[in-house]
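**Q** this one's sequence-less:
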């Protein structure tokens, strides 16, 4: 295990996203930060990848043969992103089967720097109650403000949170939408710092669009948020699809950065929940059960 400033073994042993593969230059050193550690990475022309703790031998922008890198960290490619770990990660990442369906558009909508903890950012992604107020005339509108009853399950077998029967009226659910409609959501949290949203498709009633947020924790109170799209849309150009999602996240960013405290309190008495917060309550409980301590304020015993 690499020497690191993060002392949380749960988080150290996770896979973390470092960047969208299509946006990384080939055979070139790129610098980034993960868990307060400066890392370097490179992608080879043949698709090989390497991630290592930054050192004087390689500077950002240098040309490099990926095969020549020694003392590399665990690294892999999944869902269009390069992932790495500072510890001993599992062999496989969580599964998103829709990503392998040939007719889907697979894009990195954007990568945003946000001054907030990864758990705070994930909790915001789970919150439907803010739609009419933060994403007015897009994901919500008054007087359609009610968060209808939905189901939440913490699955021990799958080691994830699943929220189902989530429904909300949206004037403009996606770049492919033509009219307002009640949209069905399914939320998955298969990783402490990642969430996957399944959203009813405006072009196919039998299938869902998939929108995921993969948080790269730079520190306990700052992240790079990578937004992955895996959607059904044959009509709009990539830039139109990306712009829609960038607008949504751009509206969330100042809300996130004004959260206080920036780390997520896990004590159920720390913040007053309401019925619409069932997913957030389950998420905090799940983090406590997993003993995640990085980016949170642990519950007092």
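**A** Okay, I see it. Quantities reported herein were computed from a predicted structural model and do not represent experimental measurements.
**Q** any idea how far the closest residue to residue 58 other than its chain neighbours lies from residue 55?
**A** Counting by CB to CB, 6 or more residues apart in numbering, residue 29 is the residue found nearest to residue 58 once chain neighbours are left out, at 4.8 Å. Where you see a C-beta, it was placed from the backbone N, CA and C, and this is true even at glycine. Distance from residue 29 to residue 55, counting by CB to CB, to the nearest Å: 10 Å.
**Q** Of those two, give the one with the bigger neighbour count.
**A** Using other CB atoms under 10 Å, the more surrounded residue of residue 29 and residue 55 is residue 29, with 20 against 10.
**Q** Isn't the more buried one up against residue 59?
**A** Yes: at 6.5 Å, residue 29 counts as touching residue 59 under the criterion of CB atoms under 8 Å.
**Q** Who are the contact partners of the spatially most distant residue from the centre of the chain?
**A** In terms of distance from the mean C-alpha position of the chain, residue 57 ranks first, at 32.1 Å (CA atoms, centre = their mean). For residue 57, no contacting residues are found, by CB atoms under 8 Å, 6 or more residues apart in numbering.
**Q** What ranges in this structure fall below the confidence cut-off?
**A** For the chain, applying pLDDT under 70 flags the ranges 1-4, 128-147, 168-181, 270-276, 301.
**Q** max-length helix in it?
**A** Scanning the chain for the helix with the most residues, using DSSP state H, yields helix 238-257.
**Q** Go through that one and flag the buried ones.
**A** Residues of helix 238-257 classed as buried by neighbour count (16 or more other CB atoms under 10 Å): 241-245, 248-249, 251-253, 256.
**Q** for stretch 287-301, same thing?
**A** By neighbour count, with 16+ other CB under 10 Å as the criterion, the buried positions of stretch 287-301 are 287-288, 292-297.
**Q** now stretch 86-106
**A** 86-87, 89, 93-94, 96, 98-99, 104, 106.
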